[in-house]
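*Asks:* I need the structure of the sequence given here:
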Amino acid sequence: MDLLLQFLSNTGYALADMRHVIMILVGLAFIYLSIAKKYEPLLLLPIGCGILVGNIPFFQGFGLGIYEDNSVLHYLYFGVTSGLYPSIVFLGLGAMTDFSSLLARPKLMLLGAAAQMGIFFTLLSALALGFLPKEASSIAIIGGADGPTSIFLTAKLAPHLIGPIAIAAYSYMALIPIIQPPIMKLLTSREERLIKMSEPRKPSQTELRLFPPLGILLCCFLAPASIPLLGPFFFGNLMKESGVVDRLANTARNAIIDTATIFLGFTVGASTQGDVFLTAKSVGIFILGAVAFSIATASGIIFAKIMNIFLKEKINPLLGASGVSAVPGSAREVHLMGLKEDPSNFLLMHAMACNSSGVIGSAIAAGVLWSFMMQ
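*Replies:* Next up, the predicted model:
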């Protein structure tokens, strides 16, 4: 009987407290949203399952937890804390990205830059609320709506906040269909939403092949700290456009990025142990993350409206909302909003141009913040 009672006292049921229960409910909610609502299932399903695993209580010292040295989860988590998984994801993203629309209309790149205003506004807000500069920089990058970039910068500046920042970033990426449409409607008139974009020219193969190496030189010289993200990103795109390494490009945009996404989502979810995750700082991060994402969306739209003052050929201000780097979620939402107003108004390719420039913009912003905070 003593052995039985000792066994029962060592089970997760006996060791669990309310914090574990709350986080398990969050994990189940993520799994539900990914399956039933199909909200970013490639992200939410691994994260949700990871949250369940990470919140099963156990005795310390058994080498089970993600924060325990020499545990299996700890080794897998190294890819997060070192920035390895985000770099691999960027490699795959580059191999998936088509820059044709961006090269056809380079001015749309400005919308990707304008949407990064959410990052710097949130940085000031986080500092005002008492977060340390490195913590504030990590929180601010949520405004770029780029999960891998958020994780990468946080791993370098504030590794103790990886869990809440990653969950906040991916949560808002998944909630794009809920967050962005009201902001788009509020800041644009129906007349503006009906603006049709003319058919863009088709860039030559030479332009598409020159863009990746030029992107590496221009962006990485501007912000050398962005090399771990933009280096693989442009390399992946060069593989795609070169036409001579199709097998490598296919591997990068399929098997490699899928593997990295699985481990990234699962280990980030497992890092959200209730006793580590449920703090006052986590609540503040979620609030600031929502503000950052909303400001990024709004600033892109407002900048598009400002551009229209000077342009003869007007651009649809909805495209500004796709300046965040949530690929392809925000571009899809802009396209759907345009179709609701006019079923013949196809904005997807134009929105993808802004979206891809947002990826570059958020990575540069992360590099700038990292370089400033490490001085």
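
*Asks:* tell me the pLDDT at Asn250?
*Replies:* Here, the pLDDT recorded for Asn250 equals 97.

*Asks:* Can you give me every residue that contacts the closest residue to it other than its chain neighbours?
*Replies:* Excluding the flanking residues, the one nearest Asn250 by CB to CB, 6 or more residues apart in numbering is Ala95, at 7.9 Å. The C-beta positions use only the backbone N, C-alpha and C, and glycine is treated the same way. The contact partners of Ala95, by CB atoms under 8 Å, 6 or more residues apart in numbering, come to Gly236, Asn237, Met239, Lys240, Ala249, Asn250, Ala252, Arg253, Ile257.

*Asks:* Is it correct that Gly63 is in contact with Asn70?
*Replies:* Yes: Gly63 is within contact range of Asn70, at 5.4 Å (criterion: CB atoms under 8 Å).

*Asks:* More neighbours: those two, which one.
*Replies:* Gly63 (13 against 7; other CB atoms under 10 Å).

*Asks:* tell me the secondary structure for that one?
*Replies:* When classified by DSSP: H, G, I helix; E, B strand; the rest coil, Gly63 comes out as coil.

*Asks:* Enumerate every residue touching the closest residue to it other than its chain neighbours.
*Replies:* Leaving out its chain neighbours, the residue that sits closest to Gly63 by CB to CB, 6+ apart is Ser71, at 4.5 Å. Neighbour list for Ser71: Gly63, Leu64, Gly65 [criterion: CB under 8 Å, 6+ apart].

*Asks:* Please produce a markdown table containing these, extended by distance to Lys281 and pLDDT.
*Replies:* Formatted as a markdown table, those follow (distance: CB to CB, whole Å; pLDDT from 0 to 100):
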| residue | distance to Lys281 | pLDDT |
| --- | --- | --- |
| Gly63 | 28 | 75 |
| Leu64 | 25 | 81 |
| Gly65 | 20 | 83 |
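
*Asks:* With distance to Val89 as extra columns, can I get the residues you listed in TSV?
*Replies:* As requested, the contacts of Ser71 are exported to TSV (distance: CB to CB, whole Å):
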residue	distance to Val89
Gly63	28
Leu64	27
Gly65	25
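
*Asks:* Make a PyMOL selection of whichever of the contacts of Ala95 turn out to be buried.
*Replies:* In PyMOL, a selection of the buried entries from these looks like this (16 or more other CB atoms under 10 Å):
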select buried, resi 236+237+239+240+249+252+253+257
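
*Asks:* out of the contacts of Ala95, which one sits closest to Asn316?
*Replies:* Distance to Asn316 across the contacts of Ala95 (CB to CB) is lowest for Asn237, with 25.8 Å.

*Asks:* so what's that closest one closest to, chain neighbours aside?
*Replies:* Gly94 (4.1 Å).

*Asks:* That neighbour and Ser34, how far apart?
*Replies:* In this view, Gly94 and Ser34 are 25 Å apart by CB to CB, to the nearest Å.

*Asks:* do the same with Phe234
*Replies:* 31 Å.

*Asks:* Can you read off the pLDDT for the residue nearest the centre of the chain?
*Replies:* Nearest to the mean C-alpha position of the chain, by CA atoms, centre = their mean, lies Asp146 at 1.9 Å. Reading off the confidence values, Asp146 has pLDDT 81.

*Asks:* sorry, back to before: could you say which helix or strand holds the residue nearest to Asn250?
*Replies:* helix 84-96 (DSSP states H and E).

*Asks:* which is the next helix or strand following the helix ranked longest in the chain?
*Replies:* When the chain is parsed with DSSP state H, its longest helix is helix 280-310. Next in sequence after helix 280-310, counting helices and strands by DSSP H and E, comes helix 329-341.

*Asks:* what sits up against that next one?
*Replies:* By CB under 8 Å, 6+ apart, helix 329-341 touches 40, 145, 173-174, 176-177, 180-181, 184-185, 190, 193-194, 297, 316, 318-319, 321-324, 345-348, 351-352, 354-355, 358.

*Asks:* Going through those, which ones are buried?
*Replies:* Counted by 16+ other CB under 10 Å, the contacts of helix 329-341 give 40, 145, 173-174, 176, 180-181, 184, 193, 297, 316, 318-319, 321-324, 345, 347-348, 351-352, 354-355, 358 as buried.

*Asks:* was I right about Gly320 contacting Ile301?
*Replies:* Yes: with contact defined as CB under 8 Å, Gly320 reaches Ile301; the gap is 3.9 Å.

*Asks:* more crowded one of those two?
*Replies:* Neighbour totals were compared for Gly320 and Ile301, and Gly320 leads with 33 against 27 (other CB under 10 Å).

*Asks:* and the more buried one, what is it in contact with?
*Replies:* Leu111, Ala114, Ala115, Thr297, Ser299, Gly300, Ile301, Ile302, Phe303, Ala304, Lys305, Cys354 are the contacts of Gly320 under CB under 8 Å, 6+ apart.

*Asks:* Excluding residues flanking it in the chain, which one is nearest it?
*Replies:* Gly300 (3.3 Å).

*Asks:* Please apply the same query to Leu222.
*Replies:* In space, Leu222 is closest to Ile364, 6.5 Å off (CB to CB, 6+ apart).

*Asks:* The one you found and Met197, how far apart?
*Replies:* With CB to CB as the criterion, Ile364 and Met197 are 26 Å apart.

*Asks:* who has more neighbours, these two?
*Replies:* Taking other CB under 10 Å, Ile364 and Met197 do not tie; Ile364 has more neighbours (23 against 20).
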